[in-house]
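Chemist: Predicted model and sequence below, questions to follow.
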Amino acid sequence: GQQVMQIPQYQHVQEGEDFTTYCNSSTTLSNIQWYKQRPGGHPVFLIQLVKSGEVKKQKRLTFQFGEAKKNSSLHITATQTTDVGTYFCAGNSGGSNYKLTFGKGTLLTVNP
Amino acid sequence: DAGVTQSPTHLIKTRGQQVTLRCSPKSGHDTVSWYQQALGQGPQFIFQYYEEEERQRGNFPDRFSGHQFPNYSSELNVNALLLGDSALYLCASSLGPPGAYTQYFGPGTRLTVL
């Protein structure tokens, strides 16, 4: 079945440093979504990417979808302590497949 | 406008028992998906309900079953609980398939099996 892998598993940065997490799918995706889960919280939707090569920005966050629609990345510029949490990518292969397959996530900690 | 709600918040059961978890979707949403999230892992898809029917199922045994009511709320039932069923159970609602529509998660039910 479809697998979604994320690296790194953990990332610790100093406040102000940049952060990137990468997501790779074993199959071509129809779309990919990114979620953030704060410690003790639940996943919160950040963004959805649909088009090959798509790049979307949300303030300090930049999301990319690969040309082959099998990989994606999330880059945070100048991290802040409020960015702490686990970032998950979740892929959907489309067609009659309605589910999202989540990666294991990247836990980001930020040292003030 | 209430978001996704789940009950109970926490639950402790013993092996072999049965449990029912409940979810009310965000207003206007008609699709409910259930996920199991073990500690340190990503959410794992259990199944999805739409129009009161199970539309898709993940790799979970038949001990996991569900139901969706006419008002779109949903229940997750787990029979013959195992220690490995201890996890955070998340309900997520969307207006249509979550692969195409934004999915909103509830706060989850923390299930501990002793």
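Modeler: Yes, it's here. Numbering: from 1, shown residues only, chains lettered A, B, ... in the order given.
Chemist: For the chain, which segments count as strands?
Modeler: All of this is about chain A. Counting by DSSP state E, chain A has these strands, from start to end: A:4-7, A:10-14, A:19-25, A:31-37, A:44-49, A:55-58, A:61-65, A:71-76, A:85-92, A:101-102, A:106-111.
Chemist: you looked at the wrong chain, it should be chain B
Modeler: For chain B, applying DSSP E gives strands covering B:5-7, B:10-13, B:19-24, B:31-37, B:44-50, B:53-57, B:64-68, B:74-78, B:87-94, B:104-105, B:109-113.
Chemist: Quick check, central residue of chain B?
Modeler: B:Trp34 (3.1 Å; Cα atoms, centre = their mean).
Chemist: So for that one, what's the nearest residue that isn't a sequence neighbour?
Modeler: Using Cβ to Cβ, 6 or more residues apart in numbering or on different chains and skipping the chain neighbours, the partner closest in space to B:Trp34 is B:Ile46 (4.3 Å). Placement of C-beta: from N, CA and C, glycine included.
Chemist: neighbours around that neighbour, how many?
Modeler: Neighbourhood size, B:Ile46 [other Cβ atoms under 10 Å in any protein chain shown]: 23.
Chemist: Check the spacing between it and B:Gly58 real quick.
Modeler: 5 Å (Cβ to Cβ, to the nearest Å).
Chemist: Could you do A:Tyr22 as well?
Modeler: Distance, A:Tyr22 to B:Gly58, by Cβ to Cβ: 24 Å.
Chemist: before we move on, what about A:Asn111?
Modeler: Distance from A:Asn111 to B:Gly58, by Cβ to Cβ: 37 Å.
Chemist: do B:Pro43 as well
Modeler: From B:Pro43 across to B:Gly58, the span is 10 Å (Cβ to Cβ).
Chemist: Of those two, give the one with the bigger neighbour count.
Modeler: Using other Cβ under 10 Å, the more surrounded residue of B:Pro43 and B:Gly58 is B:Pro43, with 28 against 17.
Chemist: show me the contacts for the more buried one.
Modeler: Residues counted as contacts of B:Pro43 (Cβ atoms under 8 Å, 6 or more residues apart in numbering or on different chains) are A:43, A:88, A:90, A:102, B:35-37, B:90.
Chemist: backbone phi and psi for it, please?
Modeler: Main-chain torsions, B:Pro43, degrees, to the nearest 10: phi -60, psi 140.
Chemist: Show the pLDDT at the closest residue to it other than its chain neighbours.
Modeler: Leaving out its chain neighbours, the residue that sits closest to B:Pro43 by Cβ to Cβ, 6+ apart is B:Tyr35, at 3.7 Å. pLDDT recorded at B:Tyr35 is 97.
Chemist: what about B:Tyr35, neighbour count?
Modeler: A count of nearby residues for B:Tyr35, using other Cβ under 10 Å, gives 27.
Chemist: could you measure B:Tyr50 against B:Thr5, distance?
Modeler: Using Cβ to Cβ, B:Tyr50 is found at 19 Å from B:Thr5.
Chemist: which of the strands of chain A is buried the deepest?
Modeler: A comparison of the strands of chain A by mean neighbour count, using mean count of other Cβ atoms under 10 Å in any protein chain shown, puts strand A:85-92 on top with a mean of 26.
Chemist: elements contacting it?
Modeler: Here strand A:85-92 touches strand A:4-7, strand A:19-25, strand A:31-37, strand A:71-76, strand A:101-102, strand A:106-111, going by 3 or more Cβ pairs under 8 Å, 6 or more residues apart in numbering or on different chains; DSSP states H and E.
Chemist: Fine by me, we can end here.
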